[in-house]
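*Asks:* Got a predicted model here, sequence first, then my questions.
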Amino acid sequence: MFTRRRCGRADRAASVGRVTSGGEKTMVLSAHFSPETTGNAPYVGKLTAGLARRGRRVRVLSAHPHYPEWEIRDGYGQWRRRDDGDGVVVERLLHYVPGNPSNLKRLAAELSLGLRFAFARWGRPDVIVLVSPALFSSALAMLKARLLHPRVPVGVWVQDIYSVGAQETGGHEAVAAVIKRIESWLFRSADGVSVIHDRFATVVTEMLGVPRDRVEVIRNWAHVGEPATRDRATMRRSLGWRDEEIVVLHAGNMGVKQGLENVVDAARLADTSPRDVRFVLMGDGNQKDHLVEYAEGTASVEFLESVSNDDFLNVLAAADVLLVNEKVGVAEMSVPSKLTSYFTVGRPVLAATASEGATATELRSSNAGVHVAAGDPAALLGAAIALADDTDRAGELGRNGQDFAARVLDAFAAIDHHARWIGSLKRR
């Protein structure tokens with residue numbers, strides 16, 4: 001059934017004239033878009049606005065905001081709705097949103113959105129950009145593009161690799177094989193593929209068979225706007241965090257691949273520790289109800305609702321340690337978008353992940369935090385305490401993250417790169 005709920009840095013506008021595209025009509029199809037604040041949505045919103053400022057006529061087809069709550073937000077839920085802003089035409093299409101999304105229900109959700117994409121009027125775009133996730137929605141859109149718009153170049157912007165995810169999260173081999181075949185077809189059918197990390201480029205070429213000359217690496221950027229502005233001590237008091245306790249914050253989606261049971265297990269150990277440690281899980285996701293039940297009786301864990309964009313960086317800055325946690329076995333399927341926000345606020349990052357995975361690689365490149373093995377709650381607790389106790393090291397790691405964000409994760413440069421990539425797409 002359809003469910004409803006009632007209820008970085010800005011572009012340098014003076015310079016955008018240097019990259020223009022002659023008013024080409026660019027259509028972007030994405031399951032996620034602003035005002036969603038996690039996952040792909042902030043990047044898609046920022047990119048499309050940046051493309052519009054660079055002279056493109058941008059149209060977006062997207063779903064109603066529903067992620068990560070898996071519930072359509074107040075004021076939305078119409079069969080079709082138009083939301084224009086920042087020079088971008090946005091058309092939202094109602095699709096199936098499961099309240100309790102199992103793998104099968106998520107597939108149904110993506111297919112229902114893909115059908116809405118396929119039966120929508122596309123007009124005559126000059127170039128099409130598909131955003132994956134959602135893989136199956138994008139595959140149906142690609143099928144329409146190749147059948148009805150055979151001369152229009154299509155690019156795929158890859159934020160997650162489903163094939164690797166199906167393997168790393170213990171999916172059935174036959175299902176994983178089908179996903180791999182669909183994903184490979186989607187990427188090979190594109191005239192260009194943009195990925196967010198060098199590790200993704202390797203997987204896309206070596207595992208999924210995309211020619212290397214069709215793959216472009218364009219890093220995600222720090223998308224959270226202006227730095228934290230509120231006094232840190234005041235912010236901690238408003239959140240109920242005591243000055244003497246160590247606050248370890250995980251912000252963002254609570255899904256299967258995050259494996260947050262490990263954090264709850266670390267909090268249980270903290271209950272009997274002589275140190276005062278509070279683990280905070282902020283956000284939402286399809287595993288939240290399970291995690292709340294799993295954490296019952298654990299005093300050192302707190303669940304915090306998502307906060308507004310205005311307060312997000314202030315909350316991150318109020319913590320002592322910022323946490324990335326991944327399920328055992330997850331290594332290549334994604335680079336957590338939260339890292340770009342973490343780096344911005346200058347707090348040390350603690351990653352409980354695979355040692356050779358994309359997240360650990362990013363942490364080593366930035367020198368902005370420390371790493372412990374995934375699925376080891378004692379190591380997680382010990383590393384959090386050690387980081388908080390060594391204030392000089394914590395400060396140095398935080399500054400390294402800010403420097404990395406400024407050098408490598410600049411929004412203006414990334415959107416310029418995207419504009420050049422989209423402008424270079426040619427029908428093969």
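*Replies:* That came in fine, so what should we check first? Residues are numbered from 1 along each chain as shown.

*Asks:* switch to C-alpha atoms for all contacts and neighbour counts from now on
*Replies:* OK.

*Asks:* Show the contacting residues for the closest residue in space to residue 325 that isn't next to it in sequence.
*Replies:* Excluding the flanking residues, the one nearest residue 325 by C-alpha to C-alpha, 6 or more residues apart in numbering is residue 352, at 4.8 Å. Applying C-alpha atoms under 8 Å, 6 or more residues apart in numbering, we find residue 352 in contact with 323-326, 371-376, 380.

*Asks:* try 7 Å this time
*Replies:* The contact partners of residue 352, taken as C-alpha atoms under 7 Å, 6 or more residues apart in numbering, are 324-326, 371-374, 380.

*Asks:* Could you list the residues in contact with the one helix or strand residue 216 maps to?
*Replies:* Here residue 216, judged by DSSP states H and E, is contained in strand 215-217. Contacting residues not belonging to strand 215-217 are listed as 192-198, 201 [C-alpha under 7 Å, 6+ apart].

*Asks:* switch to 6 Å and redo it
*Replies:* Taking contacts as C-alpha atoms under 6 Å, 6 or more residues apart in numbering, the residues outside strand 215-217 that touch it are 193-197.

*Asks:* out of the contacts of residue 352, who's nearest residue 207?
*Replies:* residue 326 (22.3 Å; C-alpha to C-alpha).

*Asks:* Can you tell me how far the closest one is from residue 421?
*Replies:* Residue 326 sits 31 Å away from residue 421, going by C-alpha to C-alpha, to the nearest Å.

*Asks:* cool, residue 336 as well?
*Replies:* For residue 336 relative to residue 421 (C-alpha to C-alpha), the value is 23 Å.

*Asks:* One more: residue 359?
*Replies:* 25 Å.

*Asks:* if we can go back for a sec, pLDDT of the strand holding residue 216, averaged?
*Replies:* The pLDDT scores in strand 215-217 average 97.

*Asks:* for stretch 105-115, same thing?
*Replies:* The model assigns stretch 105-115 a mean pLDDT of 97.

*Asks:* same thing with stretch 374-391?
*Replies:* 97.

*Asks:* same check, this time on stretch 246-266
*Replies:* 94.

*Asks:* quick one on the thing from earlier: more neighbours: which of residue 336 and residue 421?
*Replies:* Each of residue 336 and residue 421 has its neighbours counted (other C-alpha atoms under 10 Å); residue 336 has more, 20 against 17.

*Asks:* is it true that the more buried one lies in a strand?
*Replies:* No - per DSSP: H, G, I helix; E, B strand; the rest coil, residue 336 lies outside any strand segment and is coil.

*Asks:* quick revisit: closest to residue 315 out of the contacts of strand 215-217?
*Replies:* For the contacts of strand 215-217, the nearest to residue 315 is residue 196 (26.2 Å; C-alpha to C-alpha).

*Asks:* what number of residues lie near the residue nearest to the closest one when sequence neighbours are not counted?
*Replies:* Computed as C-alpha to C-alpha, 6+ apart, the closest residue to residue 196 that is not its neighbour in sequence is residue 219, at 4.5 Å. By other C-alpha under 10 Å, the residues close to residue 219 number 21.

*Asks:* And for residue 238?
*Replies:* Neighbours around residue 238, by other C-alpha under 10 Å: 11.

*Asks:* How is the residue lying farthest from the centre of the chain assigned, secondary-structure-wise?
*Replies:* Distance from the C-alpha centroid of the chain, by C-alpha atoms, centre = their mean, peaks at residue 274 (35.9 Å). Under the three-state scheme (three-state DSSP), the conformation of residue 274 reads as coil.

*Asks:* do the same with the one 10 residues further on
*Replies:* Here residue 284 takes the coil state, with states given by three-state DSSP.

*Asks:* Run the chain-centre distance for the helix-or-strand element of the chain with minimal mean pLDDT.
*Replies:* Ranked by mean pLDDT, DSSP states H and E, the weakest helix or strand in the chain is helix 162-168, scoring a mean of 78. Once both centres are worked out by C-alpha atoms, centre = their mean, to the nearest Å, helix 162-168 turns out to sit 16 Å from its chain's centre.

*Asks:* for that helix, packing partners?
*Replies:* Contacts defined by 3 or more C-alpha pairs under 6 Å, 6 or more residues apart in numbering; DSSP states H and E place helix 162-168 against helix 173-189.

*Asks:* Parallel or antiparallel, which strands does the following helix or strand past the helix it packs on pair with?
*Replies:* Going down the chain from helix 173-189, the next helix or strand is strand 192-195, by DSSP H and E. Note on strand 192-195: by DSSP bridges, its sheet partners are strand 154-158 (parallel), strand 215-217 (parallel).

*Asks:* Can you list the buried residues in stretch 172-189?
*Replies:* Going by neighbour count (16 or more other C-alpha atoms under 10 Å), the buried part of stretch 172-189 is 176, 179-180, 182-189.
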